[in-house]
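In: Model the structure of this input:
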Amino acid sequence: MPFFHRDEQLDKCGDRLLEATWAEFPGLAQNQIAITWIVYDEPVPVNTGGALTAEEFWKYPVRGFTYRGVERIYPASVVKLFYLVAVHEWLDKGMVAPSEELNRAVQDMIVDSSNDATSLVVDVLTGTTSGPDLTNGPFETWKYQRNIVNRYFQSLGWVELESININQKTWCDGAYGRERSFLGKQLENRNMLTTNAVARLLHSIVGGVAVSSERSQQMMALMQRSLDSLVLKADPENQVVGFLGGGLPPTARLWSKAGLMSQVRHDAAYIELPDCRPYLLVVFTEGAAHSKNEQILPFISRHVADAMTHLGS
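Out: Alright, predicted model coming up:
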């Protein structure tokens, strides 16, 4: 079963949001955007410091709106959220040993969205390394190992994860050698996520039930973003300006992970506004022109924040 239910109020708000977005950005095609928006009504089950057990948490009903939320889309760096949860699972179960270097890589992967750091994290998770092409036998073993993160998330039994693929590193210039072969000639094996899948994973983190309460809080700490203008100005790659955080008032609290490359601009965020219900928002946009546009995601975020103030506290 999906983890949220639709309702008339959010459907109307979501439809108005989409119409306003297409009116403001007429070049954005209807199949170039996907949204999942989750609202947390009282009693709020998230960001509680781990007060709820997993069993209790998953019983809480949540409502949401989705548009094209099941469409498979290249996620860029949003996939790093899945590697974040996986590395905490591996550490929690003793499947990998903790180290200062792994901690540094995990932090840089989320805080700075470093692709080099992500490369190490994927190596640690899977026991594979990049390099020249392999002969058939060793390459089959390598591919099986590289798919261990996919197998872990499929084992959760979440319907939202059934169609995803998360077995590739993220790159600055692209994959070479065995990594390029693994992608496939037409890139058919590239990472693919849906906004619903990302929303459910983020929901579990902010709910304190991703791996454990303590580890969820550690993940949240890495995802928290400052909205202070001086902090943002000092960090040109802050994952706020040009993303969902760019449409929020400075009084908001934001936890997020953005994704950006030449063909996509995405963001996944958990947001708390003063005197409003907290909410979760995942927006994917596709198209070369839109990936360069720093106005679309903040525009959507402002409209959702405004809708949240009208939903009341």
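In: care to break this protein down by domain?
Out: Domain assignment for the chain by automatic domain parsing gives 1-73+194-313, 76-193.
In: what sits against the residue nearest the centre of the chain?
Out: Centroid-nearest residue in the chain: V78, 4.2 Å away (criterion: Cα atoms, centre = their mean). Taking Cβ atoms under 8 Å, 6 or more residues apart in numbering as the criterion, V78 is in contact with 193, 198, 257-259, 266-268, 284. C-beta: built from backbone N, CA, C; applies to glycine.
In: can I get the CA coordinates of stretch 63-71 in PDB?
Out: Taking Å, rounded to 0.1, in the frame of the first residue of the first chain, the C-alpha atoms of stretch 63-71 are listed here in PDB:
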ATOM      1  CA  ARG A  63      -2.200  12.800   3.300                       C
ATOM      2  CA  GLY A  64      -0.500  14.000   0.200                       C
ATOM      3  CA  PHE A  65      -0.700  15.200  -3.400                       C
ATOM      4  CA  THR A  66       1.200  13.700  -6.300                       C
ATOM      5  CA  TYR A  67       1.600  14.400 -10.000                       C
ATOM      6  CA  ARG A  68       3.500  11.900 -12.100                       C
ATOM      7  CA  GLY A  69       4.800  10.600  -8.800                       C
ATOM      8  CA  VAL A  70       5.400   7.100 -10.200                       C
ATOM      9  CA  GLU A  71       7.400   8.200 -13.300                       C
END
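In: so how far is it from its chain's centroid?
Out: Centre-to-centre, stretch 63-71 and its host chain are 14 Å apart (Cα atoms, centre = their mean, to the nearest Å).
In: which outside residues touch that stretch?
Out: 4-7, 10-11, 13-14, 18, 31, 33-39, 41, 163, 194-196, 199.
In: Helices of this protein, residue ranges please.
Out: 8-24, 54-57, 80-92, 100-111, 115-126, 136-146, 148-155, 178-183, 195-206, 213-223, 229-234, 288-291, 296-311 (DSSP state H).
In: Now tabulate those helices in CSV and tack on distance to P249, mean pLDDT and mean neighbour count.
Out: Converted to CSV, the helices of the chain look like this (distance: least, Cβ to Cβ, whole Å; pLDDT from 0 to 100; neighbours: other Cβ atoms under 10 Å):
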stretch, distance to P249, mean pLDDT, mean neighbour count
helix 8-24, 18, 97, 15
helix 54-57, 29, 95, 14
helix 80-92, 25, 98, 22
helix 100-111, 23, 98, 17
helix 115-126, 31, 98, 20
helix 136-146, 43, 98, 13
helix 148-155, 35, 98, 15
helix 178-183, 41, 98, 19
helix 195-206, 20, 98, 26
helix 213-223, 19, 97, 18
helix 229-234, 12, 93, 11
helix 288-291, 25, 96, 15
helix 296-311, 7, 96, 19
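In: closest one to R72 among the ones you listed?
Out: Evaluated with Cβ to Cβ, the helices of the chain place helix 195-206 nearest to R72, the distance being 9.1 Å.
In: What helices and strands are in contact with the closest one?
Out: When contacts are defined as 3 or more Cβ pairs under 8 Å, 6 or more residues apart in numbering; DSSP states H and E, helix 195-206 packs onto strand 33-39, strand 63-67, helix 80-92, helix 213-223, strand 264-272, strand 279-286.
In: Any chance of these in a markdown table with distance to S113 as columns?
Out: Output for these, formatted as a markdown table (distance: least, Cβ to Cβ, whole Å):
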| stretch | distance to S113 |
| --- | --- |
| strand 33-39 | 20 |
| strand 63-67 | 25 |
| helix 80-92 | 7 |
| helix 213-223 | 11 |
| strand 264-272 | 11 |
| strand 279-286 | 16 |
